[in-house]
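Enquirer: The sequence isn't on hand, but the structure is:
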Ligand SMILES: Nc1ncnc2c1ncn2[C@@H]1O[C@H](COP(=O)(O)OP(=O)(O)OP(=O)(O)O)[C@@H](O)[C@H]1O
Ligand SMILES: [Mg+2]
C-alpha cells in the first residue's frame, strides 16, 4: 500500500494506548498515512483513571516539531493536549516559523474520567490566541461550554455556541455531541457559509476512550490527503463510529475503541 500523506501530531501520550498520541498514530496509520509526533506531556493512565502527568519541557516540544518538520514537511497537523500557556505559546511560535498549514485543533481539557488536563490561564490563551490560527476546532460539549461560557443542552445551544466560536475568530467549528443525553448523537460542522449536522445512533457502551483524539486525527488525515474539511469530518465521524461498533472489551473502566476497523490484513501477513 502506498502512503497517502504525512501528518504531524502534537499531543500528549496515553500509556494505555486508547487516547492521546497512541490513538492518533493508530488512526493516521489505519487510514493509510504517515504519522510524525511531538509529545507535549507523558501521562500514566489506564481505562479507569489518570495516575500522573509529566509535562515535557517546551524547548523539547519545539525541537520535536521543528527538527521533524524541517526534514519531512507535514501535509496537515493535528494538535491535541496543550496543558499550559507556555506550551500553547511554544506551539504557536513553531507553527508560525515553519508556516505549517491545514491545522486541526482538538481543544482537550478534561479526560473521560474527569481529570482536568489544562489550567484556566491556558484555556484563556487557547480561546484568545490559538483558535484563530487553526483551520478547525473540535470541542466536545464541556469544552465548548468552557470556551463560550454558556450551558449546552440541545442542538440549538450547540448552534449558538458554534456561532460564538466563529465570532471569536474560529474559521471552522465541529462541536461533538457525544456528551448529550440522547439516543441520537449529532455533531455539528459550522463555518461562516455553511452548517452541516452529522447524525448517528448512540451506541450503548462505556468503551469510548479516545473517541475525540481518534476523530481529530482521522479528520487531519483526510484533510491532509486533499479532501474538504466538511468531507473530512464526515469520513472521520464514520471511522470513529465503526471503531466504536467493533470495540474490543479491554480494561475495567472506559475501554478503547477499535482503530484497526479500516484494516484488511493481507494474506501473506496472516
Ligand atoms: N456512544 C457513542 N455512540 C456513537 N458515537 C459516539 C458515541 N460517543 C461518542 N461518539 C462520537 O464520537 C465522536 C467523538 O465525540 P465525543 O463527544 O466522544 O468526543 P470527546 O468527548 O472529545 O472524546 P474524548 O473523551 O476521547 O476526548 C463524535 O463523532 C461523537 O458523535
Ligand atoms: Mg476530547
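Expert: Looks like it arrived, so ask away. Please read these numbers as outputs of a predicted model, since none were measured by experiment. Ligands and ions are numbered 1, 2, ... in the order given.

Enquirer: Only C-alpha atoms from now on, for both contacts and neighbour counts.
Expert: Will do.

Enquirer: Please enumerate the strands of the stretch 51-200 of the chain.
Expert: Assigned by DSSP state E, counting those that start in this stretch, the stretch 51-200 of the chain shows strands spanning 76-79, 103-105, 136-137, 173-175, 184-190, 195-201.

Enquirer: If you count residues, where's the longest helix of this protein?
Expert: If each helix of the chain is counted by residues according to DSSP state H, the longest one is helix 229-245.

Enquirer: hmm, that one in reach of ligand 1?
Expert: Yes: residues of helix 229-245 contacting ligand 1 under C-alpha under 6 Å from any ligand atom: 237, 240, 241.

Enquirer: and the last one, what does it touch?
Expert: What that stands for is residue 241. Counting by C-alpha atoms under 8 Å, 6 or more residues apart in numbering, residue 241 makes contact with nothing.

Enquirer: rewinding a little: how about the longest helix of the chain: buried residues?
Expert: Buried residues in helix 229-245, defined by neighbour count with 16 or more other C-alpha atoms under 10 Å: 229-230, 232-245.

Enquirer: ranges for the helices of the stretch 51-200 of the chain?
Expert: Secondary structure of the stretch 51-200 of the chain (DSSP state H, counting those that start in this stretch): helices located at 58-71, 85-98, 120-125, 141-148, 155-167.

Enquirer: ok, so what distance separates the closest residue to residue 159 other than its chain neighbours from ligand 1?
Expert: Using C-alpha to C-alpha, 6 or more residues apart in numbering and skipping residues adjacent in sequence, the residue nearest residue 159 is residue 188, 7.6 Å away. Noted for residue 188: a distance of 9 Å to ligand 1, by C-alpha to the nearest ligand atom, to the nearest Å.

Enquirer: which secondary element of this structure has the worst mean pLDDT?
Expert: Taking mean pLDDT, DSSP states H and E as the measure, the chain has helix 120-125 as its least confident helix or strand, at a mean of 91.

Enquirer: Can you point out the buried residues in it?
Expert: Of all the residues in helix 120-125, those buried under the rule 16+ other C-alpha under 10 Å are 122, 123, 125.

Enquirer: and which of those residues is nearest ligand 1?
Expert: The nearest member of the buried residues of helix 120-125 to ligand 1, counting by C-alpha to the nearest ligand atom, is residue 123 at 15.5 Å.

Enquirer: Confirm for me that the closest one is in contact with residue 147.
Expert: Yes: using C-alpha atoms under 8 Å, residue 123 makes contact with residue 147 at a distance of 7.4 Å.

Enquirer: What are the neighbouring residues in contact with residue 117?
Expert: 81, 83, 108, 109, 110, 111.

Enquirer: Could you tell me how many residues sit around the residue lying closest to the fifth one once chain neighbours are set aside?
Expert: The one in question is residue 110. Counting by C-alpha to C-alpha, 6+ apart, residue 116 is the residue found nearest to residue 110 once chain neighbours are left out, at 4.5 Å. Residue 116 has 14 neighbouring residues, counting by other C-alpha atoms under 10 Å.

Enquirer: Which pLDDT value belongs to the spatially closest residue to residue 187 that is not a sequence neighbour?
Expert: Nearest residue to residue 187 in three dimensions, chain neighbours excluded: residue 176, at 4.5 Å (C-alpha to C-alpha, 6+ apart). With respect to pLDDT, residue 176 has a value of 97.

Enquirer: Tell me if I'm right that residue 176 and residue 138 touch.
Expert: Yes: in this structure, residue 176 is within contact of residue 138 by C-alpha under 8 Å, at 6.9 Å.

Enquirer: ok, these two, which is more surrounded?
Expert: When residue 176 and residue 138 are compared for neighbours, residue 138 comes out ahead with 27 against 24, by other C-alpha under 10 Å.

Enquirer: Now do residue 43 against residue 162, distance only.
Expert: Noted for residue 43: a distance of 30 Å to residue 162, by C-alpha to C-alpha, to the nearest Å.
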